[in-house]
Structure formats: C-alpha cells, structure tokens
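Engineer: Sequence first, then the predicted structure, then my questions.
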Amino acid sequence: MGQLTTHILDLTQGRPASNVQIDVYNVDGEMITFLQSSRTNGDGRLDAPLLVGMNFYEGIYELHVHIGDYFKRTNHSSDLTFLDIVTVRFRVADAEQNYHVPLLVSPFGYQVYRGS
C-alpha cells in the first residue's frame, strides 16, 4: 500500500517551511476534484500522509501549495513575494509505491521533484 507525502524547505531562510496549507486534488480529464487539505508541521512535513490506502490510487493529482501566505507571515514584503499558490501536477502510475513530492521554495521560484 503506497502513500503520498511531501515536505517544504524555505531556501531563503535555510529552514523547513512550517504551517503551509497544502490542498490535494484529483484530476480526471477536465474535472478537478478536491480531496483534502493539510498543513506542514515545524519540520516542514505533514503529521500524516496526504493520501494513503484506498484514498491513494493511480491517476493524476495536483498539490496546491499556499506558499504566498507563508512568505507574508515570515516577514517578506508582499511587494517582494512573487509566488502565491504553487500548483504541482503529477501522475501516480503505481499506487503500491510511495510518492514523496518535496518542494524547495523562495519568494521568487521553486523546484519540485519525486523524492524517496
């Protein structure tokens, strides 16, 4: 039984990004269905997987990461924060595997990859 996890690192401050809202959606053609929301903990990770078991299946998903709110809370001027909601769309080909989707962010850009 696989699962979907993530964590977020703030590259500008060299620390995990805490209390960031992450919304998970399933994408089926033109239809996008909200599945759940979660928030990162003090380590920039989640206390539980975003999806696991019967709720995690093959298909296309989107993570909507509310990173603009995080940067506004951490003393970045709203004039200097370029990113608002980072959307990451990816395919789960085998729901028996674990999918870890880390996000490295700054107010002006991000990098995402499939981790382990």
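Structural biologist: Structure received. Residues are numbered from 1 along each chain as shown.
Engineer: which residues sit in contact with residue 57?
Structural biologist: 92, 95 (C-beta atoms under 8 Å, 6 or more residues apart in numbering). (C-beta placed from N, C-alpha, C; glycine too.)
Engineer: Okay, it and residue 114: tell me how far apart.
Structural biologist: Distance, residue 57 to residue 114, using C-beta to C-beta, to the nearest Å: 17 Å.
Engineer: do residue 42 as well
Structural biologist: When distances are taken as C-beta to C-beta, residue 42 and residue 114 turn out to be 24 Å apart.
Engineer: So which bits of the helix or strand of the chain with the lowest mean pLDDT are buried?
Structural biologist: Per-element confidence for the chain was summarised using mean pLDDT, DSSP states H and E. The lowest value among helices and strands belongs to helix 67-73, with a mean of 92. Within helix 67-73, the residues scored as buried using 16 or more other C-beta atoms under 10 Å are 67, 68, 70, 71.
Engineer: pretty sure the second one contacts residue 81?
Structural biologist: Yes. In this structure, residue 68 is within contact of residue 81 by C-beta atoms under 8 Å, at 5.6 Å.
Engineer: If you tally nearby residues, what's the number for residue 61?
Structural biologist: When counting by other C-beta atoms under 10 Å, one arrives at 22 neighbours for residue 61.
Engineer: contacting residues around residue 89?
Structural biologist: When contacts are counted by C-beta under 8 Å, 6+ apart, residue 89 touches 27, 60, 61, 62.
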